[in-house]
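Undergrad: Coordinates only, no sequence provided:
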């Protein structure tokens, strides 16, 4: 089935709505992270509005209404635009281009360390000038009366960076085409994030999802819970309800106080969503997370001083085990897919033909397109003064390890938040000091790590694969999705860039979301400054933990292959120090307990009966987030915080 103009028109409106809601919620309120989850709350809530509106239109004139395939197109456009406008691209890009100039000072010496190595066309300010130039000062402090936004100075650097981002996106599209048949048809992965939107889109009976009173009972719980907090912000006389409990505050004496950041977030949507996942994965996620903290305590008891790890949660010796697990799993996934990959390669070199007519693009275009994208990325890096092998290593790890493993976790395990456990630099410093890379490379990596490898939330590769799985569920030709992807990326990039430039110049970035404007955007300029200033030691002493992580992962994979009853999933071990597990370990534990009890005492029959309640928990919490975002924007009232930081 082809993509209709009607679906595209509605999808374009959806993109603009998503961009506005995400940008305002995440950057202005700083309380509701509504777009960076791999199933974004804003998209699910807008899909609900679309379903209801579509029914109303159908009641007036059926031919005006959208069919399931058309609604799927609209959903895909909103899904990808949420990722682009949130942490997937724009919330990292624009603050990254302004922050290093405004936040440079005598103390950090960035003007001397970094500015000489930044090309003039790479940023909107003058690298040959001083810190805190007018264009970045107004970005952070707001425009004065009569001043206008300097669109012209921003245009060139945004276009230059858009070229790089476009190459990365194209690499993701090509990789999704190469992986789809292996993961969907051969391994038959569940793609859990597609289940709820597919149910909403394809519902036809009066007993369907939106007509189920059990679902609405689940919906009411989080909607009322967070509604209380929203009302409390308006009238403090109304009591507020907690959204987390600081577990680490319980441990005040040695060796227990060695545990790193540890909170239990009260996300009912997390409980509802994770209830749908396999119990072995749920068990492994919370078990290995707690085991990681126990390792920290044990290390302290033995006199091992835990080294803080800046690019994931936990101590370095735990985080490097997780990094080893990611490396081992990426190799395993390619080995597992060898027969399929041989077939794809045969298509690419023209040895065989046919069999890929229904993919988003022919395999030969996907393979050579991926190769061309990687060459383009390396060329872009060389153009800004970096060494080719450093750029290749950076993006090779990012695309074929970080993005690949996180996408697998989403497709197989339904992991709702894509977050990593390392950066490529963490692997390099095991071999050689960061200072050996030189000033140009360290400057480029300070940009790249902030934009791509540190914060994986809003990872578009998962969106491209979920879109193809959803298309199968509604009878939409996958080949038609390529145009939808390209159009959505272009419109979402333009709309979010324009809005997210306007917002800080009018609201002042210093009053907006601190993580975006004074955190992630300058983290690696701060980290790499020590290496820029002089030699720093390598982290080679942590190499043993990386090797241990690789070994344990190989053992877990082999035991799962040989023993049907083996309870430990290697993804749980790999995500030990991920921010996803840090945020959702408590909802995962609750979901595991509830699902285990349901299956043991009621079997699949009871699971099917209670499933709508847990879907309602997801739906209600996500809808509450959108409701309070729109209310905050309309009435200028403070929005309540939600438990997905």
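TA: Yep, it's here. If you're wondering where the values come from, they're calculated on a predicted model, not measured in any experiment.

Undergrad: What is the burial count for residue 564?
TA: Other residues near residue 564 come to 6 when the count uses other C-beta atoms under 10 Å. No exception for glycine: its C-beta is placed from N, CA and C like everyone else's.

Undergrad: isn't there a strand covering it?
TA: No: the assignment for residue 564 by DSSP: H, G, I helix; E, B strand; the rest coil gives coil, which leaves it out of any strand.

Undergrad: Phi, psi for it please.
TA: According to degrees, to the nearest 10, the main-chain angles of residue 564 amount to phi -60, psi -30.

Undergrad: mind showing which ranges of this protein have poor pLDDT?
TA: Scanning the chain for pLDDT under 70 picks out 1-2, 204-208, 305-314, 535, 537.

Undergrad: Find the centremost residue of it, please.
TA: By C-alpha atoms, centre = their mean, the chain has its centre lying nearest to residue 457, at 1.6 Å.

Undergrad: Would you agree it is in contact with residue 39?
TA: No: counting by C-beta atoms under 8 Å, residue 457 sits too far from residue 39 to count as a contact (11.9 Å).

Undergrad: Now do the phi/psi pair for residue 419.
TA: Note on residue 419: backbone dihedrals following degrees, to the nearest 10 are phi -150, psi 140.

Undergrad: That one: neighbour count?
TA: Around residue 419 sit 25 other residues, with neighbours defined as other C-beta under 10 Å.

Undergrad: ok, it touching residue 577?
TA: No: the pair residue 419 and residue 577 does not pass the contact test of C-beta under 8 Å, sitting 9.6 Å apart.

Undergrad: Which strand or helix spans residue 171?
TA: Counting by DSSP states H and E, the element that carries residue 171 is helix 151-180.

Undergrad: And residue 524, by the same measure?
TA: Assigning secondary structure by DSSP H and E places residue 524 in helix 520-533.

Undergrad: If you count neighbours, what's buried in that helix?
TA: Of the residues in helix 520-533, those buried under the neighbour-count criterion (16 or more other C-beta atoms under 10 Å) are 520, 521, 522, 523, 524, 525, 527, 528, 529, 531, 532.

Undergrad: from memory the fourth one sits against residue 447, does it?
TA: No: counting by C-beta under 8 Å, residue 447 is not a contact partner of residue 523; they are 11.4 Å apart.

Undergrad: Which elements pack onto the helix or strand containing residue 48?
TA: When secondary structure is defined using DSSP H and E, the element that contains residue 48 is helix 41-60. Applying 3 or more C-beta pairs under 8 Å, 6 or more residues apart in numbering; DSSP states H and E, we find helix 41-60 packed against helix 5-23, helix 68-85, helix 195-202, helix 579-635.

Undergrad: Relative to residue 176, which of these is closest?
TA: Evaluated over those, closeness to residue 176 peaks at helix 68-85, with 11.8 Å, by C-beta to C-beta.

Undergrad: Distance to residue 99 for the buried residues of helix 520-533 - can I get that in TSV?
TA: Output for those, formatted as TSV (distance: C-beta to C-beta, whole Å):
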residue	distance to residue 99
520	9
521	4
522	5
523	10
524	11
525	8
527	14
528	14
529	14
531	19
532	17
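
Undergrad: Quick check: next helix or strand after the host helix or strand of residue 288?
TA: Per DSSP H and E: residue 288 is located in helix 279-301. The element immediately downstream of helix 279-301 (helix or strand, assigned by DSSP H and E) is helix 316-336.
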